[in-house]
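Peer 1: I'd like to go over a predicted model; first the sequence, then the structure.
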Amino acid sequence: MTPPDVTLHPASALVAERARYESWLFALEERREHAPPHVYERVRRDYEERLALVGERLGAHVSALAEEASAAAARLAELDADLAAASDERAEAELRAHVGELSGDEWDAARNESEAALSGIRADRDRLLVRLEGLEALLRSIRTDPRTGMETRAEPIGDDEAPEHMPPPGLDSAPPRRRVTLDELATMADETAANDAVGEGSEQEPATVDGQDIRADDSPSTAARPRLVRTPAHTDAPRILRCGECGTMNIPTEWYCDRCGAELAVL
């Protein structure tokens, strides 16, 4: 059975009609300076409305054409398999004839039957291939913007087809943490050196509430926090970041206080 000609498909006529409106709009733009503005706008709106209507009608054919093209591709794969099987059968019959299993008449009959089968499969495959190529070309014509020449996706993206670069829900709401700059580090180092020169050798005064001492190690908010042990690599680094909980000076690259385990504020 011969597949129908793609050029007779209704979408082919719509593609030609769309191209005609596009050419009219292009020619209209060249005559813009030679026509009254209100006349130009009226004609332009008319062409654009027709073009939009054709685009909607073309979009209605995309799904059916894509399904037909997919079915044709699957049938083409089946014909390729049939062609390979028929070729194998002919080769097997020829081999059996050469070794003497088949007589001359039997080989002639088998050969004629195999060649007829191969000829029919090749003819069906060629017709289907032309049909498939026509469907794919028609789909490309529908999905290609005549003004840009770029192929666009006709089907909308579903919820399960979100772009991979989109962050997971909730991650985009957290503000980014900022690291201190070199100038800020230098300023904090100067302030720390000055404070250490004034208070060197003195013990830090404990905070008091209602006449009672409140020590960082005894506070309920820090009692369960883990104590972080400084690695040898940090021993020479300047301790210029003050903990807001206990007042201990820490290395600016650390996230938690070396003494009480409280999270250090990032400037």
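Peer 2: Received, thanks. Not measured: the values here are computed from a predicted model. Numbering: from 1, shown residues only.

Peer 1: packing partners for the helix or strand containing Arg75?
Peer 2: Assigned by DSSP states H and E, Arg75 falls within helix 37-98. Judged by 3 or more C-beta pairs under 8 Å, 6 or more residues apart in numbering; DSSP states H and E, helix 37-98 is in contact with helix 10-30, helix 104-143. No exception for glycine: its C-beta is placed from N, CA and C like everyone else's.

Peer 1: so the first one versus helix 104-143, what angle?
Peer 2: The one in question is helix 10-30. 40 degrees (axes from the mean of the first three to the mean of the last three C-alpha atoms, to 10 degrees).

Peer 1: Show the secondary-structure elements that helix 10-30 is packed against.
Peer 2: Going by 3+ C-beta pairs under 8 Å, 6+ apart, helix 10-30 lies up against helix 37-98, helix 104-143.

Peer 1: for those, which one sits closest to Glu245?
Peer 2: For the helices and strands packed on helix 10-30, the distance to Glu245 is smallest for helix 104-143, at 61.6 Å, taking C-beta to C-beta.

Peer 1: Show me which residues of the closest one are buried.
Peer 2: The neighbour-count check on helix 104-143 (16 or more other C-beta atoms under 10 Å) flags 107, 110, 114, 117-118, 121, 124-125, 128, 131-132, 134-136, 138-139, 141-143 as buried.

Peer 1: cool, stretch 237-250 as well?
Peer 2: Buried residues in stretch 237-250, counted by 16+ other C-beta under 10 Å: 239-243, 245-246, 248-250.

Peer 1: Which residues does stretch 87-96 contact?
Peer 2: With C-beta atoms under 8 Å, 6 or more residues apart in numbering as the test, stretch 87-96 has contacts from 102, 107, 110-111, 114-115, 117-118.

Peer 1: okay, the residues you listed in CSV with distance to Ala19 and pLDDT next?
Peer 2: Putting the contacts of stretch 87-96 into CSV (distance: C-beta to C-beta, whole Å; pLDDT from 0 to 100) gives the following:
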residue, distance to Ala19, pLDDT
Leu102, 60, 90
Trp107, 57, 91
Ala110, 54, 92
Arg111, 51, 93
Ser114, 48, 93
Glu115, 45, 94
Ala117, 44, 94
Leu118, 42, 94
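
Peer 1: for those residues, which one is nearest Trp24?
Peer 2: Ranked by distance to Trp24 (C-beta to C-beta), those are led by Leu118 at 51.1 Å.

Peer 1: returning to what we had before: would you mind giving the helices and strands packed on helix 37-98 as JSON lines with distance to Arg44 added?
Peer 2: Formatted as JSON lines, those follow (distance: least, C-beta to C-beta, whole Å):
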{"stretch": "helix 10-30", "distance to Arg44": "6"}
{"stretch": "helix 104-143", "distance to Arg44": "24"}
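
Peer 1: which stretch among the ones you listed comes nearest Glu78?
Peer 2: helix 104-143 (9.7 Å).

Peer 1: same for that closest one, what does it pack against?
Peer 2: Counting by 3+ C-beta pairs under 8 Å, 6+ apart, helix 104-143 packs on helix 10-30, helix 37-98.

Peer 1: Can you check which of those gets nearest to Trp255?
Peer 2: Going by C-beta to C-beta, the one of those nearest Trp255 is helix 37-98, 53.0 Å.

Peer 1: Looking at the closest one now, give me its mean pLDDT.
Peer 2: Across helix 37-98, pLDDT averages out at 93.

Peer 1: cool, stretch 121-130 as well?
Peer 2: Here the average pLDDT along stretch 121-130 is 94.

Peer 1: can you list contacts of stretch 51-58?
Peer 2: Stretch 51-58 is contacted from outside by 11, 14-15, 17-18, 21-22, 25, 142, using C-beta under 8 Å, 6+ apart.

Peer 1: TSV for the helices and strands packed on helix 104-143, including mean neighbour count and distance to Gly261?
Peer 2: Converted to TSV, the helices and strands packed on helix 104-143 look like this (neighbours: other C-beta atoms under 10 Å; distance: least, C-beta to C-beta, whole Å):
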stretch	mean neighbour count	distance to Gly261
helix 10-30	15	69
helix 37-98	14	60
